[in-house]
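Q: give the three-dimensional model of this entry:
(chains A, B and C)
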Amino acid sequence: MSIRAAELLDWYDREHRDLPWRHPEAGAWKILVSEYMLQQTPVARVLPIWLEWVARWPTPSATAAASAADVLRAWGKLGYPRRAKRLHECARVIADDYGDVVPDDVEALLTLPGVGSYTARAIACFAYQQSVPVVDTNVRRVVARAVDGLADAGPPSTTRDLAAVAVLLPDDSTAPRFSAALMELGAIVCAARSPKCGLCPLSHCAWRAAGYPPATTPPKRGQAYAGTDRQVRGRLLDVLRGSQKPVTRAQLDIVWLTDTAQRDRALDSLLVDGLVEQTADGRFALAGEGDG
DNA sequence: GATACGTGGGA
DNA sequence: TTCCCAAGTAT
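A: Below you'll find the predicted structure:
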């Protein structure tokens, strides 16, 4: 079963959320910033950070001129702070190598730090109106249901997923809106947890036609967060974000008392990732503190 | 292909 | 309260 573009586009025009990075005046850089922030992070949490961010650093060169520490602080508790570091590095590359203009071709975009298959195509599509497939988790789920009649998407495969969406893409200038609509439908109607099929505009959904069969593969258990290195890293970084001055080892140690080996490992990984630096006197600070 | 990588809100 | 999961990327 396929997806009728007209149904999807009409629904999108009626029901889509008014998100600022979708406004025509946003421009490629601010769209790029939104894409980094939206990687694995809900719109509601991104919105306030994005608004402050693009007002403060409206261009790649403005972003590149900021210190890494300021960038990490502005990122706040959005999560996965390596994204902030990569965004900062990306800004420098675009400022230095691309004349402060976000490149418009997928191949060049893919060379930027933090830009993978999804983000490269999202920028080409939404910032430059190119008819390239854009595949995120929402799109994969909508296609799995509406086209394949399955409750959930199978394991991701970039090659396979791109090909599946490519055949659905309208062969005209509506392609970018079609991709945005696919993502929007997955986000607010064809949701993972409780799909609102009563509100779905698609009159030909294979999953519905099959009587909404449940997933056949057992749900994969995501790893617990409590007690992981990720949680320890988060705690350590939170201390560093909150201090304008370098902190002592003891100030970091108190955030994780239960497993000192794990705490040491977490701190070391932050140093390796370049998110944290050690000062000459042995204290610790956010990377690039004092730069810019 | 599997795994590491933050955080917080809703069911 | 616990569990799920949210516009992925890099290794």
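Q: so where's the stretch 101-250 of chain A uncertain?
A: A:219-223 (pLDDT under 70).
Q: the nearest residue to A:Arg241 once chain neighbours are set aside: helix or strand, and which one exactly?
A: Closest residue to A:Arg241 apart from its sequence neighbours, by C-beta to C-beta, 6 or more residues apart in numbering: A:Arg73 at 5.3 Å. Heads up, the C-betas are built off the backbone N, CA and C, glycines and all. Taking DSSP states H and E as the definition, one finds A:Arg73 inside helix A:68-75.
Q: do that helix and DNA strand B meet?
A: No: Helix A:68-75 stays clear of DNA strand B (C-beta under 7 Å from any atom of the strand), getting no nearer than 9.2 Å.
Q: mind giving me the packing neighbours of that helix?
A: helix A:43-56, helix A:82-97, helix A:229-241, strand A:284-286 (3 or more C-beta pairs under 8 Å, 6 or more residues apart in numbering; DSSP states H and E).
Q: deepest-packed of those, please.
A: Ranked by mean neighbour count, the helices and strands packed on helix A:68-75 are led by strand A:284-286 with a mean of 22 (mean count of other C-beta atoms under 10 Å).
Q: who's in contact with that strand?
A: With contacts defined as C-beta atoms under 8 Å, 6 or more residues apart in numbering, strand A:284-286 is touched by A:68-69, A:72-73, A:237, A:240-241, A:243, A:245-249, A:252, A:267, A:275-279.
Q: now it, how far from the chain's geometric center?
A: Taking C-alpha atoms, centre = their mean, to the nearest Å, one finds strand A:284-286 lying 26 Å from the centre of the chain it belongs to.
Q: and the average pLDDT for that strand is what?
A: Summarised as a single mean, pLDDT over strand A:284-286 is 98.
Q: is any part of it close to DNA strand B?
A: No: using C-beta under 7 Å from any atom of the strand, strand A:284-286 stays clear of DNA strand B, with a minimum separation of 12.5 Å.
Q: so the residue in the stretch 151-292 of chain A that DNA strand C sits nearest to: helix, strand or coil?
A: Residue nearest to DNA strand C within the stretch 151-292 of chain A: A:Ala192 (2.9 Å; C-beta to the nearest atom of the strand). Three-state assignment for A:Ala192 (DSSP: H, G, I helix; E, B strand; the rest coil): coil.
Q: who are the neighbours in contact with it?
A: A:Ala192 neighbours (C-beta under 8 Å, 6+ apart): A:Thr137, A:Arg141, A:Asp152.
Q: and A:Pro103, by the same measure?
A: Counting by C-beta under 8 Å, 6+ apart, A:Pro103 has contacts A:Ile94, A:Leu109, A:Leu112.
Q: closest one of the residues you listed to A:Pro58?
A: Checking the contacts of A:Pro103 against A:Pro58 by C-beta to C-beta gives A:Ile94 as the nearest, at 13.2 Å.
Q: look up how far A:Gln251 lies from the closest one.
A: 36 Å (C-beta to C-beta, to the nearest Å).
Q: same check, this time on A:Thr260
A: A:Thr260 is 15 Å from A:Gln251, by C-beta to C-beta.
Q: check what pLDDT the residue nearest to A:Arg241 gets.
A: Confidence score, pLDDT, at A:Arg73: 98.
Q: ok so, going back, need the contacts of A:Pro103 in a markdown table (columns: distance to DNA strand B).
A: Converted to a markdown table, the contacts of A:Pro103 look like this (distance: C-beta to the nearest atom of the strand, whole Å):
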| residue | distance to DNA strand B |
| --- | --- |
| A:Ile94 | 23 |
| A:Leu109 | 20 |
| A:Leu112 | 17 |
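Q: which one of those sits closest to A:Pro213?
A: Once C-beta to C-beta is applied, the member of these that ends up nearest A:Pro213 is A:Leu109, at 37.9 Å.
Q: that closest one: which element?
A: Element membership for A:Leu109, per DSSP H and E: helix A:106-110.
Q: in that helix, what's buried?
A: Neighbour counts over helix A:106-110 (16 or more other C-beta atoms under 10 Å) mark A:Val106, A:Ala108, A:Leu109 as buried.
Q: which strands and helices lie in contact with it?
A: helix A:117-126.
Q: how about the residues of the stretch 151-292 of chain A near DNA strand B?
A: A:155-157, A:193-194, A:223, A:225, A:228-231, A:233-235, A:237-238, A:269.
Q: same thing but at 6 Å, please
A: A:155, A:157, A:193-194, A:223, A:225, A:228-230, A:233-234, A:237-238, A:269 (C-beta under 6 Å from any atom of the strand).
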